[in-house]
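Asks: Sequence below, structure please.
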Amino acid sequence: MRTPQVDRGTGLPERVRIYEVGVRDGLQNEKNLVPVEVKAEFVRRLEQAGIEVIETTSFVSPKWVPQLADAGDLLDRLGESGRSPHRPVLVPNMKGLERALERGVTSIAIFGSATETFAQKNLNSTLESQFDMFAPVVEKAKAEGLWVRCYVSMCFGDPWEGDVAPSQVVEVAKRLMDLGCDELSIGDTIGVATPGQVEEVIDGLVEAGIDLDRIAVHFHDTYGQALSNTLTALRKGVTIVDSSAGGLGGCPYAKSATGNLATEDLLWMLHGLGIETGIDLPAMVETSMWMSEQLGRPSASSVVRALGTAS
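Replies: Okay, the predicted model is just below:
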């Protein structure tokens, strides 16, 4: 299987940690229920490919996300692996946290919003009251010794409100981090960001006192900008990148959205730049081809399509 030619880029980190979101963020948008045994096998294959951090599921209400109703069952099937510090789960509220704690989870993520409208539609909250909702969740999680990540969505554009001011993103992110979160992921939920916006937001976060080694980027590829935005973030000093095996996932708020940045596309770029990831690209391609068979459709990843056809 072909691999990228390596030419070390300048002004780039030596190593990047990939935070794999395909199992949770990717599969949660699937209309047809994916069997729990397929999800468990998906996680195992990702592990074997060298993926260190895998967000496995979410303890959200089955009423709202039926695809994730098997969260507890999935973690039980994963055993000790599912309770690893490198297997975070998303929790929407205190009830979700309590369910996660019952399963012995040691890492969680919360999901905030940079805009008022998305907070109302996705969190059933307001921009301001989301902090009151998350504060006790983070406090209890930290008291229990858990690692906590906070996502901030709609950081670069909102389908209802349009442009989002970087200062607004920074304010929300800073307040969430001040609750006690360990890591921050800034999300381009509808995939409209361009490199200049990425630079401005990252600069603002650093100026607000958030260390670069605690900032992750989460780009969607709706307008084909995910890789260029990621490269911009890397040149600014970011070393944590969210991605999804095979480009699984999508954006329900934008027509023609093509989902998350594909892990394989990201790996091709990183490995070509001489950046270490610890991940086996051919194994990732095989994993995504296998998952495509389970879902009954081709992979959204350009690299998977190219290498899968070539092999």
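Asks: Just give the number of residues close to residue 237.
Replies: When counting by other C-beta atoms under 10 Å, one arrives at 15 neighbours for residue 237. All C-beta atoms are positioned from the backbone trio N, CA, C, and that covers glycine.
Asks: ranges for the helices of this protein?
Replies: Here the chain has its helices, by DSSP state H, at 36-48, 71-78, 94-102, 116-123, 129-143, 166-178, 195-207, 226-235, 263-272, 281-295, 302-310.
Asks: do you know which of those lies nearest residue 25?
Replies: Nearest to residue 25, of all the helices of the chain, is helix 263-272, at 11.8 Å by C-beta to C-beta.
Asks: before we move on, back to that, looking at the helices of the chain, spot the one closest to residue 84.
Replies: Closest approach to residue 84 among the helices of the chain is made by helix 71-78 (8.8 Å; C-beta to C-beta).
Asks: quick check, distance from that closest one to the centre of its chain.
Replies: 20 Å (C-alpha atoms, centre = their mean, to the nearest Å).
Asks: I'd like to know which of the helices of the chain lies nearest to residue 150.
Replies: Using C-beta to C-beta, the helices of the chain put helix 166-178 closest to residue 150, at 4.3 Å.
Asks: Helix 116-123 and the closest one, what's the angle between them?
Replies: With axes from the mean of the first three to the mean of the last three C-alpha atoms, to 10 degrees applied, the angle from helix 166-178 to helix 116-123 works out at 40 degrees.
Asks: other SSEs contacting helix 166-178?
Replies: Counting contacts by 3 or more C-beta pairs under 8 Å, 6 or more residues apart in numbering; DSSP states H and E, helix 166-178 packs against strand 107-113, helix 129-143, strand 147-153, strand 183-188, helix 195-207.
Asks: wait, residue 139 sits on residue 181?
Replies: No: Residue 139 lies out of contact with residue 181 (C-beta atoms under 8 Å); the separation is 11.0 Å.
Asks: So which of those two has more stuff around it?
Replies: residue 181 (25 against 14).
Asks: Distance check, that one against residue 151.
Replies: Distance of residue 181 to residue 151, computed by C-beta to C-beta, to the nearest Å: 10 Å.
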